[in-house]
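Following is a predicted model, sequence given first.
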Amino acid sequence: NIEISFSDKINLSFDSFRLLDSDSKQIKTKMPKVEKTGNSMIVEIPKLKDGHYVVVYSIVSEDSHVIKGAISFSVGKKVIQNVDDNQISKLLESKKTPTYLGFTRNILQFILYISIALTIFLIVFRVFIFDDIKNKQLNILFYLATIFGITSSILSIGIQAAAEGSFSISKVFSSTIIFQEIDTRIGTLYAIRAVLFILLAVLWKLNIKIFTKFILPILALSILLTIALAGHASSGEYQQIAFIFDIIHVLAASIWFGGLLALPILLKKANYKEILRKFSTIALYCVIAILVTGIFAAWRQIGNVEVAINTFYGKLVLAKMAMYILLILTAVYTRKFTRMILKQEANISDDTRIKKRILKYIYFECLVLIFVMSTTSVLVNAVPARISYNASVTKQVVTKKSIIEITVDQTKFGPNEIHVYVLNKNGTPKQVG
């Protein structure tokens with residue numbers, strides 16, 4: 001058997017394990033399995049002849065990141081032919097996820113978040129604010145959100161498969177590839193999400209109290225569960241708290257952002273002041289929830305300022321925080337203005353002027369939120385800072401005659417710089433060779 005262990009729980013893909021000889025010819029093995037611990041992959045292999053071999057693996061972490069690598073080993077005491085020095089590099093390069101695939105994945109994630117935001121808000125609006133099932137524009141908005149949610153979820157199955165298998169993006173539409181990916185944990189979550197969007201679209205127009213008050217919110221909450229189960233909350237420390245906070249974070253962000261996107265339509269209603277009053281109160285609670293859960297997530301995934309400054313993930317979080325501060329300042333000013341006009345009895349001409357001014361603030365908030373959502377779409381597909389960054393590691397081995405000190409500069413995936421110092425007992429450099 002060959003067993004590969006990881007620092008966290010893993011999920012297998014349909015291209016998780018390949019065993020190659022020194023000529024890069026694949027050797028047939030049994031299907032890989034995950035051990036009971038959840039963080040080890042074990043594969044039963046045939047009896048190997050003397051020689052050099054390379055294992056190429058591609059597994060999926062609990063938070064849906066594709067982890068790829070290669071390991072070489074030898075069989076036999078006397079191995080004449082060495083592995084080509086570039087063999088592993090070539091194999092890893094062939095397994096590398098293309099840049100355009102990552103870009104496509106980020107776009108789909110952004111579309112998905114917009115869809116979820118609109119879907120969640122419109123359900124909250126219907127259940128807790130005003131049940132306006134006959135509003136044609138709101139219905140069109142809801143169905144557009146669910147259609148884009150279904151489409152992005154299905155396409156994400158193929159994109160995830162392409163990232164795991166390192167094949168062309170043209171194959172993401174292959175039914176064979178999609179069904180193979182659905183057999184994996186992440187693929188199953190994406191498929192369930194698509195089904196949930198379909199159910200919401202089917203049940204939306206049913207004007208039955210049990211569906212409106214219970215079934216729709218349950219389906220919406222289930223969509224949020226699929227986000228948390230496939231996100232960073234599923235790995236690392238404090239998973240239970242992170243999981244709950246992740247759901248609250250996405251729920252609050254969806255209500256706030258979805259509400260801002262829908263407000264231009266809602267302002268056309270005669271009772272727009274009542275709607276503004278209720279949304280303003282709800283939005284305030286959403287901002288507080290986003291702030292608390294966001295700070296916890298940033299601390300959990302980053303840890304300290306040094307890691308934030310020196311990692312791609314950390315820099316994205318800092319950029320998101322800066323945009324969020326700008327968003328809060330704008331929201332505070334908008335809320336202040338909204339509360340002021342809600343106390344006034346305006347005539348029709350005043351209403352027109354007030355609505356135009358409110359819309360300016362809303363459009364600006366939406367613009368900033370689009371940048372925030374774009375950054376979030378990249379963040380969820382990026383490796384967390386705590387994992388991608390590790391400080392230098394130094395170890396000492398003390399023998400009877402000398403001290404050997406080994407330092408690895410900023411341990412990371414790929415090439416690493418290693419310094420080996422051999423010293424005399426008194427700390428002076430020792431001549432070796």
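Ah, there it is.

low pLDDT regions in this structure?
Across the chain, residues meeting the criterion (pLDDT under 70) sit at 14, 77-98, 166-169, 342-351, 388, 390-392, 409-415, 425-427, 433.

Would you map the strands across it?
2-5, 10-21, 26-27, 33-34, 40-43, 51-61, 66-75, 393-398, 402-409, 417-424 (DSSP state E).

What are the contacting residues of the fifth one?
Contacts of strand 40-43 from elsewhere in the structure, counted by C-beta atoms under 8 Å, 6 or more residues apart in numbering, are 1-6, 10, 12, 16-17, 19, 29-35, 57, 59. C-beta coordinates here come from the backbone N, C-alpha and C atoms, glycine included.

hmm, 6 Å instead?
Identification of contacts with strand 40-43 by C-beta atoms under 6 Å, 6 or more residues apart in numbering yields 1-5, 17, 29, 32-33, 35.

now swap in the fourth one and tell me
Contact with strand 33-34 is made by residue 42, as judged by C-beta under 6 Å, 6+ apart.

one more time with 8 Å
With C-beta under 8 Å, 6+ apart, strand 33-34 has contacts from 10-12, 40-43.

Show me which of the residues you listed are buried.
If you count burial by 16 or more other C-beta atoms under 10 Å, the buried members of the contacts of strand 33-34 come out as 10-12, 41, 43.

so what's residue 398 up against?
residue 404.

returning to what we had before: between the buried ones among the contacts of strand 33-34, which sits nearest residue 112?
Closest approach between these and residue 112, by C-beta to C-beta: residue 11, at 20.0 Å.

The closest residue in space to residue 206 that isn't next to it in sequence - how many residues pack around it?
Distances taken as C-beta to C-beta, 6 or more residues apart in numbering put residue 212 closest to residue 206, at 7.8 Å, once the chain neighbours are dropped. Counted with other C-beta atoms under 10 Å, the neighbours of residue 212 add up to 18.

measure the closest residue in space to residue 155 that isn't next to it in sequence to residue 428 for me?
Closest residue to residue 155 apart from its sequence neighbours, by C-beta to C-beta, 6+ apart: residue 108 at 5.6 Å. Distance, residue 108 to residue 428, using C-beta to C-beta, to the nearest Å: 60 Å.

what's the answer for residue 372, then?
Computed with C-beta to C-beta, the distance linking residue 372 and residue 428 is 56 Å.

need the helices for the stretch 1-150 of the chain, in chain order.
87-95, 99-124, 136-165 (DSSP state H, counting those that start in this stretch).

Now distance to residue 200 and mean neighbour count too, for the ones you listed, in JSON lines please.
Below are these laid out as JSON lines (distance: least, C-beta to C-beta, whole Å; neighbours: other C-beta atoms under 10 Å):
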{"stretch": "helix 87-95", "distance to residue 200": "37", "mean neighbour count": "15"}
{"stretch": "helix 99-124", "distance to residue 200": "6", "mean neighbour count": "21"}
{"stretch": "helix 136-165", "distance to residue 200": "6", "mean neighbour count": "20"}
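
Tell me which of these lies nearest to residue 227.
Residue 227 lies closest, by C-beta to C-beta, to one member of those: helix 99-124, at 7.3 Å.

could you say what helices and strands the closest one packs with?
In terms of contacts (3 or more C-beta pairs under 8 Å, 6 or more residues apart in numbering; DSSP states H and E), helix 99-124 is packed against helix 136-165, helix 185-203, helix 216-229, helix 239-266, helix 348-379.

Distance from the chain centre to the fourth one, please.
Put plainly, it is helix 239-266. Computed by C-alpha atoms, centre = their mean, to the nearest Å, the chain-centroid distance of helix 239-266 equals 16 Å.

mind listing what residue 99 touches?
By C-beta under 8 Å, 6+ apart, residue 99 has no neighbours at all.

My error: substitute residue 203 in the last question.
Applying C-beta under 8 Å, 6+ apart, we find residue 203 in contact with 211, 215-216, 219.

if I look at it, how far off is residue 152?
Residue 203 is 20 Å from residue 152, by C-beta to C-beta.

before we move on, the earlier item: what's the closest of the strands of the chain to residue 163?
strand 66-75 (4.8 Å).

Out of the contacts of strand 40-43, which two sit at the greatest distance?
For the contacts of strand 40-43, with distances taken as C-beta to C-beta, the pair at the greatest spread is 5 and 29 (17.8 Å).

And those two? Which one has more around it.
Neighbours per residue (other C-beta under 10 Å) separate residue 5 from residue 29, with residue 29 holding more: 16 against 11.

residues touching the nearest residue to that one once chain neighbours are set aside, list them.
Excluding the flanking residues, the one nearest residue 29 by C-beta to C-beta, 6+ apart is residue 45, at 4.8 Å. Counting by C-beta under 8 Å, 6+ apart, residue 45 makes contact with 1-2, 19, 27, 29-30.

any idea how far residue 259 is from residue 45?
Look at residue 45 and residue 259: by C-beta to C-beta, they are 56 Å apart.

Check residue 116 too.
13 Å.

follow-up on the earlier one: ok, now which ones touch the residue nearest to residue 206?
Neighbouring residues of residue 212 by C-beta under 8 Å, 6+ apart: 126-127, 131, 206.

Drop anything exposed from those residues.
Buried members of the contacts of residue 212, scored by 16+ other C-beta under 10 Å, are residue 126.

was I right about residue 284 contacting residue 334?
No - Residue 284 is not in contact with residue 334 according to C-beta atoms under 8 Å; the separation is 11.3 Å.
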